[in-house]
Every structure is written in structure tokens, then in C-alpha cells.
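Enquirer: Below are the sequence and a predicted model; questions follow.
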Amino acid sequence: MRHRQAGITVIGWIVLLTPLAIVLYAGLRLAPFYMNHMKVVKALDQTAEEFRGDTGANATLIRNSLARRFDIDMINNPKDTEIQVRKAGSGWDLATDYEQVVPLVANVQLLVVFQKRATTSGGDSMP
């Protein structure tokens, strides 16, 4: 009598679960960096909203407000001095472009590039 084997073997499970485990581990390593970026986005958007329509705003006031938000949210990367604050028409543009190197295993690292731009003029902020 012939028996048909059904199911997956232990080696089959290892082959299937190894890539899943690697992706899950990378996600766990990346999560704090993405949470930090969400804080940066929130700080830029709130600062832009604070100075929206304010004709007396200047770069120093905007930088001070941004620095307070970075201190409160404990944002260390990028530094508040690394945010570009530029006059753009009737408003101000706040922009950042920074990279994070995330160590994965031994000499394997992930490079994540973040960009954000917010404006104090009437238009919407861009991602």
C-alpha cells in the first residue's frame, strides 16, 4: 500500500520562514527611524501652520519655534540647524533632506533617505 506524504517538511518551513524573519527584523530595526521622521514631519507642519499668514515672520522666529518643537519631541536627527528656512514669495519654506544609516547585521546596513517640505504660504505642504 502506497502512502502519500502530505504537508511541509521542517526544511520547507525553514526555507519559507527565513525571508519572512529577515524582513520582520529589518522592519523592527527601521521602526524607530520612521517614528523619528514622523516627529520631524509633525514639527515642520506645526511650525508652518503657526506662521501661516504671518507677515512679520522671519527666519530667526521660525528657527526658534522649530528648535522648541525639536527639544520637546526629543528629535536629535536632523538637528534643528539642518532645516533649511527660505523666503518663498509671500511665505517661508521649511525643508529637510537627510539620511539615516540603520545597522542590520554585522557589516550590513540599510540607508534610508527622508525628505520633507512645508510652507507657510496658503498652499498645502508637500511630503
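Expert: Good, I have the coordinates.

Enquirer: which residues of the chain score low on pLDDT?
Expert: 1, 122-127 (pLDDT under 70).

Enquirer: if you count residues, which strand in it comes out on top?
Expert: If you go by DSSP state E, the chain has its longest strand at strand 91-105.

Enquirer: Who are the packing partners of that strand?
Expert: In terms of contact count using 3 or more Cβ pairs under 8 Å, 6 or more residues apart in numbering; DSSP states H and E, strand 91-105 is assigned the packing partners helix 10-50, helix 59-72, strand 84-88, strand 108-119. Yep, even glycine has a C-beta here, placed from its N, CA and C like the rest.

Enquirer: roughly how far out does it sit from the chain middle?
Expert: 7 Å (Cα atoms, centre = their mean, to the nearest Å).

Enquirer: Reformat the helices and strands packed on strand 91-105 as CSV; add distance to Val102 and mean neighbour count.
Expert: Shown next, in CSV, are the helices and strands packed on strand 91-105 (distance: least, Cβ to Cβ, whole Å; neighbours: other Cβ atoms under 10 Å):
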stretch, distance to Val102, mean neighbour count
helix 10-50, 5, 13
helix 59-72, 21, 16
strand 84-88, 24, 14
strand 108-119, 4, 14
